[in-house]
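J.: Requesting a structural model of the entry that follows:
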Amino acid sequence: MDLDRVDTEILNALQQNGRLSNRDLADKVSLSNAPCWRRVKRLEQEGYIRGYAAIIDSDKIGLKMCAFAEVSLDNHHPDTVAGFLEMVNRCPEILECHAVSGGCDYLLKVLSRDMESYQEFLSHNVLNQKGVRTANTLFSMKRQKVSVEIPVKY
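T.: As a prediction, the model looks like this:
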């Protein structure tokens, strides 16, 4: 499906405030209530909108350390990769996992309370996982930009 101007305006408005009422959203994108509601439902059904969530300040809940772990596997055998990805999906500390090109196989974004809790997480989960060869960590010193908004343009 091609997105038109109104679809992109709906997506951008909901990214800025996912709690907009249908009436407020309709006003914002210059539609009446029913057509706006139908468009949102269609965007949800077609997978453009995957869900709605509250964005929580990790510092406020004590998760002040953000780390990026560069993980290399011993091999890319399907069982090795499947075991690694099962561990990734089991660990709530891992916010993102990307298969990457370059000097490692995966890049993990991890939140933890402090250095000690990160070390414990890394030792008990990542380095303890069968097939993991190495894990090198980059620590975020200061968050310069954090966004969950995807640039949607018409």
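J.: helix/strand/coil for the residue nearest the centre of the chain?
T.: Ranked by distance to the mean C-alpha position of the chain (C-alpha atoms, centre = their mean), the top residue is residue 96 at 5.4 Å. Taking DSSP: H, G, I helix; E, B strand; the rest coil as the rule, one finds residue 96 in the strand state.
J.: for residue 119, same thing?
T.: Following three-state DSSP, we place residue 119 in the helix state.
J.: low pLDDT regions in the protein?
T.: Per-residue confidence of the chain (counting by pLDDT under 70) places the weak regions at 1.
J.: Break it into its domains for me.
T.: Structurally, the chain divides into domains by automatic domain parsing as follows: 5-45, 65-139.
J.: Out of the ones you listed, the one nearest residue 150 is which?
T.: Evaluated with C-beta to C-beta, these place domain 5-45 nearest to residue 150, the distance being 6.9 Å. Glycine gets a C-beta too; all of them are placed from N, C-alpha and C.
J.: end-to-end on that closest one?
T.: Across domain 5-45, the straight-line distance between its terminal residues is 19 Å, by C-alpha to C-alpha, to the nearest Å.
J.: Now the residue nearest to the centre of the chain. Nearest residue, chain neighbours left out?
T.: Distances taken as C-beta to C-beta, 6 or more residues apart in numbering put residue 109 closest to residue 96, at 4.1 Å, once the chain neighbours are dropped.
J.: mind listing what's buried in the helix or strand harbouring the one you found?
T.: Counting by DSSP states H and E, the secondary-structure element that holds residue 109 is strand 106-112. Along strand 106-112, these residues count as buried under the neighbour rule (16 or more other C-beta atoms under 10 Å): 106-108, 110-112.
J.: Among these, find me the one that's closest to residue 85.
T.: The shortest distance between residue 85 and any of those, using C-beta to C-beta, involves residue 106 and amounts to 8.9 Å.
J.: Tell me what that closest one is bridged to.
T.: The residues paired with residue 106 through beta bridges, assigned by DSSP bridges, are residue 71, residue 99.
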